[in-house]
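Novice: the sequence and its predicted three-dimensional model are supplied below.
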Amino acid sequence: MKMAILDYIRLVVGAAFIIIGAVILVIQLIGIFKLKDLLSRMHAAALGDTIGIGFTLIGVIILTGLNFTSLKIALIIVFLWMASPVSSHLISRLEVVTNENLEEICEVPEEKWEDDIC
């Protein structure tokens, strides 16, 4: 009886994390389609990927319990938390350097880091 209650609690908490992650991903999609310029879209996509996928995978870890699969999923979360912001930053930086009409859309610093882009 006691284990059934704990399993039910784990199911509810895991499902809540997955639902929160799915809601964040839907908000990300709305932001990507509604926002006007690439930099705003990249911001929505980067935050949505990092937070939404993180919540969803944490929910999966809770549902599967602590085992080797949970360790693999945790490593995927760590990789996504490191890779997604870096790749989004590089794409946004490339947009700042290559888009000549960017000053019409948003505020751009005087230097555009042209020497740093390889």
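Specialist: Here it is on my side, so go on.
Novice: from here on, just use CA atoms for contacts and neighbour counts.
Specialist: Fine.
Novice: pull out the buried positions in stretch 27-43.
Specialist: The neighbour-count criterion (16 or more other Cα atoms under 10 Å) identifies 28, 31-32, 38-43 as the buried residues of stretch 27-43.
Novice: let me know the closest of the residues you listed to T69.
Specialist: Checking these against T69 with Cα to Cα, the nearest one is Q28 at 27.5 Å.
Novice: could you list every helix and strand in contact with the helix or strand encompassing that closest one?
Specialist: Using DSSP states H and E, Q28 maps to helix 2-34. Applying 3 or more Cα pairs under 8 Å, 6 or more residues apart in numbering; DSSP states H and E, we find helix 2-34 packed against helix 38-64.
Novice: got the angle between the helix it packs on and helix 2-34?
Specialist: 170 degrees (axes from the mean of the first three to the mean of the last three Cα atoms, to 10 degrees).
Novice: quick one: average pLDDT of helix 38-64?
Specialist: Throughout helix 38-64, pLDDT has a mean value of 90.
Novice: including distance to A74, could the buried residues of stretch 27-43 go into a markdown table?
Specialist: A markdown table is the format used below for the buried residues of stretch 27-43 (distance: Cα to Cα, whole Å):
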| residue | distance to A74 |
| --- | --- |
| Q28 | 22 |
| G31 | 27 |
| I32 | 27 |
| L38 | 31 |
| L39 | 29 |
| S40 | 29 |
| R41 | 27 |
| M42 | 25 |
| H43 | 24 |
